[in-house]
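Q: sequence and predicted structure, then a few things I'm wondering about:
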Amino acid sequence: MNYILLIFVILNIYGFLLMYIDKNRARNNKWRISEKHIWIVAILGGALGATFGMKQFRHKTKHKQFVIMLPILTILTIALYAYIFVNLS
């Protein structure tokens with residue numbers, strides 16, 4: 001059961017780091033991380049980290065899809081992981 005929690009933590013750290021890295025790349029006019037990649041990580045369970053990263057680094061805050069959907073996806077993924085964690089314990 002601990003592996004589910006570990007996967008959740010790793011995905012959220014990765015989501016947070018994606019926002020940090022992409023923000024720095026945007027500032028330096030370098031190759032960017034695709035929005036598709038960020039969404040895939042968020043859907044797999046990294047939405048909480050991506051949401052924190054979005055707010056912490058003020059990144060993607062002009063994109064309504066990120067501002068609205070990431071927090072909703074965060075709630076859904078936390079609920080899903082909690083359900084899995086409780087029912088598989």
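A: All right, it came through fine. Residues are numbered from 1 along each chain as shown.

Q: so where's this protein uncertain?
A: The model of the chain has pLDDT under 70 over residues 1, 89.

Q: can we see that at 90?
A: Along the chain, the model assigns pLDDT under 90 to residues 1-5, 81-82, 84-89.

Q: for Lys62, give me phi and psi.
A: phi -90, psi -10 (degrees, to the nearest 10).

Q: count of residues packed around Phe16?
A: Neighbours of Phe16 under the rule other C-beta atoms under 10 Å: 21. Any C-beta I mention is one placed from the backbone N, CA and C, and that applies to glycine too.

Q: likewise Met19?
A: When neighbours are counted by other C-beta under 10 Å, Met19 comes out with 26.

Q: surely it and Lys60 touch.
A: Yes: under the criterion of C-beta atoms under 8 Å, Met19 makes contact with Lys60 at 7.2 Å.

Q: need the overlap of contacts for these two.
A: 38, 54 (C-beta atoms under 8 Å, 6 or more residues apart in numbering).

Q: who are the contact partners of Ile33?
A: By C-beta under 8 Å, 6+ apart, the residues touching Ile33 are 18, 21-22, 25.

Q: what does Tyr20 give?
A: 53, 56-57, 59.

Q: ok, of those residues, which come out buried?
A: 53, 57, 59 (16 or more other C-beta atoms under 10 Å).

Q: now the last one. Nearest residue, chain neighbours left out?
A: Take His59 and drop its neighbours on the chain: the residue closest to it by C-beta to C-beta, 6 or more residues apart in numbering is Lys23, 4.1 Å away.
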